[in-house]
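Enquirer: Have a look; sequence and predicted model below, questions after that.
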Amino acid sequence: MDNTDAKNWDNNHFMHPWEGMNEIGKNNRAFIEASNGVYVTNDAGEKLIDGPAGMWCVQVGYGRHEIADAMADQARKLAYFSPFNNTSSITTLFAREVAKRAPGDLNHVFFTTGGSTAVDTAIRFVHFRNNLMGRPNKKKIISRQKAYHGSTYLAAAVSGKERDRLWLDKPDELAVFLPDVNPLLRKNGQTVTDFLNEKIADLENVIVAIGADNIAAFIAEPILASGGVIVPPEGYHKRCFEICQKYDVLYISDEVVTAFGRLGHWFASKEVFGIQPDIIICAKGLTSGYSPMGAAIFSERLMDDVTGPKGRGATFSNGYTYSGHPVSAAAGLASMQIIERENILDHVRSVTPLFQERLRGLSSLPLVVDARGMGLMGCVQCSYERDKNSSLENDYELGALIDAECQKNGLVLRPIINMCVMSPPLVISDGQINQMFDILGRAIKTVATSRAL
């Protein structure tokens, strides 16, 4: 196929997520046409390290024939079943395996089409439960600025990335947003401890002001991924969880990015941050990105409140045509088997120190405002003025220049405005980590030099 035709078709027919209206019909996106391991290949035949693992999701790497074969075998055997009327052994097995790895009593797995619909499902269940318990006013959801929980109507309503929300309507009555939890933004002279205390006070003050009888849940990403890999101060999640327990507010942990190995564990909430959420949201790494799927995982305690006589004959009328899709379940099971057989969680924990050392080593470069991360997640925030509050127009330009320079030299980034985000496939080696950060460092220096000229 002539690539000129493909570029025209892309501009004329493929409306991409987060499409800039000024660029409609004029984009010149890189075409990714093949992949293997931690690498993708563009239409020019150039091999590049996939820094963001697609979109935080290709945990076990590309080219896994075991997953492709499992999907093909399942499609030949049973391509689809109606989850409204029937069930299938492949999906029930997958639900059991997810529940086995989830912390505590999170045993009930509601499969969805992705992270956004999983967040929708969690919010609808929380409201459903409160209705059955005779608490019709206990409906508001607390979230944070810079949090991202999806782009369906409900999920977007609890997302706090203001630049993504300027022109889209949302149900304003649903969510309350607390201030940014990024330690980079603390006041001059403010210690991290004082900043942490301030963020905890944000949560309790809002609950008290609005009234616990009106607050249903607090939703939080362990690490605010799309907000720029924001790592809250140590102890933040545990203290937020304690506040939620104090006021009977449910804790929803959005692990769409952090689950399935990104921080070296199946789930990060308990193993890394020491909390036992009421609900966990997951997607992305659930199938290593080989097939769309998400899940909301509910605790026994919550289910006990709405089942049996307490259920009052009600139906939780929420679901999707593709809930528990058998081909996606086959992909997820095969991905889990690879993670366990190859000890990938141990591998993540073993390479994380190098990843984080190389990441933070970029802090001294020109343009770099901050280099932060955890596990195999990292962000290098840049500014022409090395200013954490730099201008938006300059931020977009700078991010695009660094991204283009990286692609010329063999690295795909996820540029989020002026932030260079990385979350590579979990199978990445020490040598590939060094190569990735070498390329990014050179790109930043090149852009800085060209700006100085």
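Expert: Yep, that arrived. Residues are numbered from 1 along each chain as shown.
Enquirer: Okay, strands next: where are they in the stretch 51-200 of the chain?
Expert: Secondary structure of the stretch 51-200 of the chain by DSSP state E, counting those that start in this stretch: the strands cover 106-112, 140-144, 175-178.
Enquirer: by contact count, what packs against the shortest one?
Expert: Helices and strands in packing contact with strand 175-178 are listed as strand 140-144, helix 192-210; criterion 3 or more C-beta pairs under 8 Å, 6 or more residues apart in numbering; DSSP states H and E. C-beta here means a position set from N, CA and C on the backbone, and glycine is covered the same way.
Enquirer: How about the second one?
Expert: Other elements packing on strand 140-144 under the criterion 3+ C-beta pairs under 8 Å, 6+ apart are strand 175-178, helix 192-210, strand 215-220.
Enquirer: one step back: between the strands of the stretch 51-200 of the chain, which one is closest to residue 292.
Expert: strand 106-112 (9.3 Å; C-beta to C-beta).
Enquirer: Residue 435: what's it in contact with?
Expert: 49, 410 (C-beta atoms under 8 Å, 6 or more residues apart in numbering).
Enquirer: Then residue 425?
Expert: So residue 425 contacts 37-38, 50, 53, 58-62 (C-beta under 8 Å, 6+ apart).
Enquirer: most tightly surrounded among the helices and strands packed on strand 140-144?
Expert: Each of these was scored by mean neighbour count; the highest is strand 215-220, a mean of 26, by mean count of other C-beta atoms under 10 Å.
Enquirer: And the contacts of it?
Expert: By C-beta under 8 Å, 6+ apart, the residues outside strand 215-220 that reach it are 119, 122-123, 126-127, 130, 138-144, 147, 149, 158, 176, 203, 206-207, 237, 240, 244, 247, 249-254, 278-279.
Enquirer: same question, stretch 114-124
Expert: With contacts defined as C-beta under 8 Å, 6+ apart, stretch 114-124 is touched by 110, 112, 141, 149-156, 158, 174, 217, 219, 252, 254, 256, 279, 281-284, 292-296, 316, 318, 320.
Enquirer: Weed out the non-buried ones from these.
Expert: 110, 112, 141, 149-152, 154-156, 158, 174, 217, 219, 252, 254, 256, 279, 281-284, 292-296, 318, 320 (16 or more other C-beta atoms under 10 Å).
Enquirer: From the residues you listed, which land in helices?
Expert: Using DSSP state H, the members of the buried ones among the contacts of stretch 114-124 that fall in helices are 154-156.
Enquirer: sorry, back to before: want to throw the strands of the stretch 51-200 of the chain into CSV with mean pLDDT?
Expert: CSV is the format used below for the strands of the stretch 51-200 of the chain (pLDDT from 0 to 100):
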stretch, mean pLDDT
strand 106-112, 98
strand 140-144, 98
strand 175-178, 97
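Enquirer: Nearest to residue 265, out of these?
Expert: Evaluated over the strands of the stretch 51-200 of the chain, closeness to residue 265 peaks at strand 106-112, with 14.0 Å, by C-beta to C-beta.
Enquirer: Would you mind pulling up the elements that that closest one packs against?
Expert: helix 89-101, helix 115-132, strand 294-299, helix 300-304.
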